[in-house]
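# Sharing a sequence plus its predicted fold:
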Amino acid sequence: MGEVFILVEHRQGKIRDITYEMLQTGEMLASRQGASSTAVLLGHDIKNLAEDLSTRISKVLVVEDENLKNFNSSPYQKVLSSLITKYQPFLTLMGHTAFGMDLAPSLSVEMGFPLVTDCIGLSFEGSRLKAVRSIYGGKLNANVTLRESKGYLATVRPGVYSTRTPGEKKGGIVMEPSPLQGTIDVKKFIEYIEAPIGGEDITQAEIIVSVGQGIGGPEHIPMIEEMAKSLGGVVACSRPVVDRNWLPKERQVGISGKTVKPKVYIAIGISGAFQHVTAMQGSETIIAINKDPRAPIFGVADYGIVDDFQNVIPILKEKTKGLK
Ligand SMILES: Cc1cc2nc3c(=O)[nH]c(=O)nc-3n(C[C@H](O)[C@H](O)[C@H](O)COP(=O)(O)OP(=O)(O)OC[C@H]3O[C@@H](n4cnc5c(N)ncnc54)[C@H](O)[C@@H]3O)c2cc1C
């Protein structure tokens, strides 16, 4: 059998974590089918990205073109469809991100390939692709088997798979000529606007103390801030905390906030909805404090404390004093 394509997602000269997660998944799926996996890198001035990828996967296919400098689904689709036609991968993976959600549906229509989106599990039954999709806010998992096809497309939910670390491979870099001719004016990239980052960038923090609606009100935030400070960490939160204006939007963890992977994530009064968990489950150690022993957050926590946070925080503050 042929190969699995993994579309590399990069922005502002940096490969995004979802790519490293897909390298792992893509290779696992390919090897089970006796096939190989290939990272497909489209962009401009991307030699350093290709070299990084070649330490993580056995083959990197590169198309360099000025029109691919910033993500734009029109030229991306043109290039990708031409590569798929040439190499005939039996599966092409993309992230279930703004990037993949924009590109995958129209590529699926153009190629006539079935597409399955937002996958949290992928496998093959014979030559048919099977996927697990988490639906109704994480309450149900749907197992779907796609119709027989010579090629499949799938988008993968970020944060589900572990990342492929560098140095595991020494792969080849294959340059492909760009099939684009001139500029494409259906859609135009105008400018990149970075979301404003407040006083703290929670995505860079090694210790995060995160609060949810369960803290009851903003009057408890100073106590949490004090604890975070004594640990050398920062305060983050769930979405209702932002909706209620207890903390600013840039502190929000979740699918509509930031994805974080700190060494320690302490979740206080957070129930553990999938929209939150997806974006923090890659943390090295998760500690949850919740008075409900059945709260879903305990499903991803390494350590759980079942109690009212107001009883726990003073003890934790005392025990962790000077640990920074
Ligand atoms: C399209 C969409 C996007 C979303 N994006 C995000 C997102 O980016 N981030 C996000 O977080 N959510 C997001 N949500 C919302 C998400 O579905 C949940 O509603 C939200 O995560 C719940 O926040 P919470 O855990 O703080 O509150 P709740 O679900 O209300 O949980 C509060 C928890 O606190 C516990 N508790 C109560 N009192 C105490 C106490 N005294 N001591 C200890 N524990 C206590 C309770 O047992 C409960 O488990 C999104 C939803 C949708 C539909």
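Received it, and whenever you're ready, just let me know what you need.
# With adjacent residues omitted, what lies nearest to the most centrally placed residue in the chain?
When CA atoms, centre = their mean is applied to the chain, the residue found nearest the centroid is P158 (2.5 Å). Of all residues not flanking P158 in the chain, I18 sits nearest, at 4.6 Å (CB to CB, 6 or more residues apart in numbering). Placement of C-beta: from N, CA and C, glycine included.
# From the ligand, how far off is that neighbour?
16 Å (CB to the nearest ligand atom, to the nearest Å).
# That residue is in contact with R11, isn't it?
No. Look at I18 against R11 with CB atoms under 8 Å: they stay out of range, at 10.8 Å.
# More neighbours: which of those two?
I18 (28 against 12; other CB atoms under 10 Å).
# so which helix or strand takes in the more buried one?
Taking DSSP states H and E as the criterion, I18 maps to helix 17-32.
# tell me what that helix is packed against?
strand 3-7, strand 36-43, strand 91-95, strand 115-125, strand 152-156 (3 or more CB pairs under 8 Å, 6 or more residues apart in numbering; DSSP states H and E).
# What parts of the stretch 201-324 of the chain come near the ligand?
212-214, 238-240, 252-257, 269-271, 273, 275-276, 289-292, 295, 308-309 (CB under 6 Å from any ligand atom).
# Need the contact partners of stretch 231-251.
Residues outside stretch 231-251 that contact it (CB atoms under 8 Å, 6 or more residues apart in numbering): 195-198, 200-202, 205-213, 215, 217-218, 221, 224-225, 228, 252-254, 256-258, 260, 262, 264, 266, 270, 273, 275-276, 320, 323-324.
# ugh, wrong one, I meant stretch 254-263
17, 158-159, 202-203, 205-208, 233, 236, 238-239, 242, 249-253, 275-276, 278-280, 282-285.
# Please list only the buried members of those.
17, 158-159, 202-203, 205, 207-208, 233, 236, 238-239, 242, 249-253, 276, 278-280, 282-283 (16 or more other CB atoms under 10 Å).
# Skipping adjacent residues, who's closest to R133 in space?
Nearest to R133 is A142, by CB to CB, 6+ apart, at 4.8 Å.
# doesn't V132 make contact with the one you found?
Yes. With contacts defined as CB under 8 Å, A142 counts as touching V132 at a distance of 7.3 Å.
# Looking at those two, which one has more neighbours?
Legend: neighbour count by other CB under 10 Å for A142 and V132, higher for V132 (16 against 10).
# Tell me what V234 is bridged to.
I208 (DSSP bridges).
# Neighbours of T320, how many?
T320: 13 neighbours (other CB under 10 Å).
# what's it in contact with, if anything?
M227, S230, L231.
# same thing but 6 Å
By CB atoms under 6 Å, 6 or more residues apart in numbering, the residues touching T320 are L231.
# per-residue pLDDT, it?
pLDDT, T320: 80.
# what separates it from S134, distance-wise?
Separation of T320 from S134 (CB to CB, to the nearest Å) stands at 34 Å.
# ok, now L231?
32 Å.
# ok, now E194?
30 Å.
# who's more crowded, those two?
Using other CB under 10 Å, the more surrounded residue of E194 and S134 is S134, with 18 against 6.
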